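Asker: Okay, sequence plus prediction incoming.
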Amino acid sequence: MGKQKKTRKLKEKDRLKPKKKEKKDPSALKEREVPQHPSCLFFQYNTQLGPPYHILVDTNFINFSIKAKLDLVQSMMDCLYAKCIPCITDCVMAEIEKLGQKYRVALRIAKDPRFERLPCTHKGTYADDCLVQRVTQHKCYIVATVDRDLKRRIRKIPGVPIMYISNHRYNIERMPDDYGAPRF
């Protein structure tokens, strides 16, 4: 009996005390965590965007442009009415090279001297992650892609326009009306 009483007392001592609910003061100021947006954004429109436009090109965008028989640089200029500099990251270039002999035309287009090469410092060659990371860091790019998943990921990043192909021409999404071509 004596042992049981001791263990019971110890257990009562070791138990956590019930938490007392703190009464909230209605007059106290409420603090909220608000995500910090970059200063270049003004009502979801990016003020860093302006001619000449730097356009990050995805692998499938080049392939679909070839299928639609569109000249990349000329069609971009027709869409935005301004000078466009297509940019290709090392990951996108590696992805095109991996596709092999069937996509040699895409590789030749990607190696065009009018295209700007952007070196990658990260590990791996997954182009979608590379493009999303680059656009998140520097909001001075337009992303050209036909990939649904990549579009969905980029739409979550505020202030980044998306260029895509529809009706055998390039269209732009989430771009201020003053900058780009009219939507059809």
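Answerer: Yes, it's here. The shown structure was predicted, so the numbers you read here are calculated from the model rather than taken from an experiment. Numbers count the residues shown, from 1 in each chain.
Asker: On the pLDDT front, check Glu173 for me.
Answerer: Per-residue pLDDT puts Glu173 at 88.
Asker: Assess the claim that it and Pro161 are in contact.
Answerer: Yes - taking C-beta atoms under 8 Å as the definition, Glu173 is a contact partner of Pro161 at 6.4 Å. For glycine as for every other residue, the C-beta is placed from the backbone atoms N, C-alpha and C.
Asker: So for these two, which sits in the more crowded spot?
Answerer: Looking at Glu173 and Pro161 with other C-beta atoms under 10 Å, you find the greater number of neighbours at Pro161, namely 22 against 17.
Asker: Give me the secondary structure label for the closest residue to that one other than its chain neighbours.
Answerer: Counting by C-beta to C-beta, 6 or more residues apart in numbering, the nearest residue to Pro161 once its immediate chain neighbours are dropped is Met175, at 4.2 Å. Three states are possible here, and by DSSP: H, G, I helix; E, B strand; the rest coil the one that applies to Met175 is coil.
Asker: For Met175, list the residues it contacts.
Answerer: Applying C-beta atoms under 8 Å, 6 or more residues apart in numbering to Met175 gives the contacts Leu49, Ile142, Pro161.
Asker: State the number of residues packed around Pro51.
Answerer: Here the neighbour count serves as a burial measure; for Pro51 (other C-beta under 10 Å) it reads 11.
Asker: just checking, it touches Met77?
Answerer: No - Pro51 is beyond contact range of Met77, at 10.1 Å (criterion: C-beta under 8 Å).
Asker: Next, show the common contact partners of the two.
Answerer: Common neighbours of Pro51 and Met77 are listed as Lys83 (criterion: C-beta under 8 Å, 6+ apart).
Asker: Provide the secondary structure category for Val160.
Answerer: Taken by three-state DSSP, the conformation at Val160 corresponds to coil.
Asker: so what's it closest to, chain neighbours aside?
Answerer: Once chain neighbours are set aside, the closest to Val160 by C-beta to C-beta, 6+ apart is Val135, at 5.1 Å.
Asker: From Asn46, how far off is that neighbour?
Answerer: Distance of Val135 to Asn46, given as C-beta to C-beta, to the nearest Å: 11 Å.
Asker: Overlap in contacts, these two.
Answerer: Overlap between the contact sets of Val135 and Asn46, as judged by C-beta under 8 Å, 6+ apart, is given by Val160.
Asker: distance between stretch 59-76 and the chain's centre?
Answerer: 21 Å (C-alpha atoms, centre = their mean, to the nearest Å).
Asker: now the end-to-end length of that stretch.
Answerer: Here the two ends of stretch 59-76 are set 16 Å apart, with distance taken as C-alpha to C-alpha, to the nearest Å.
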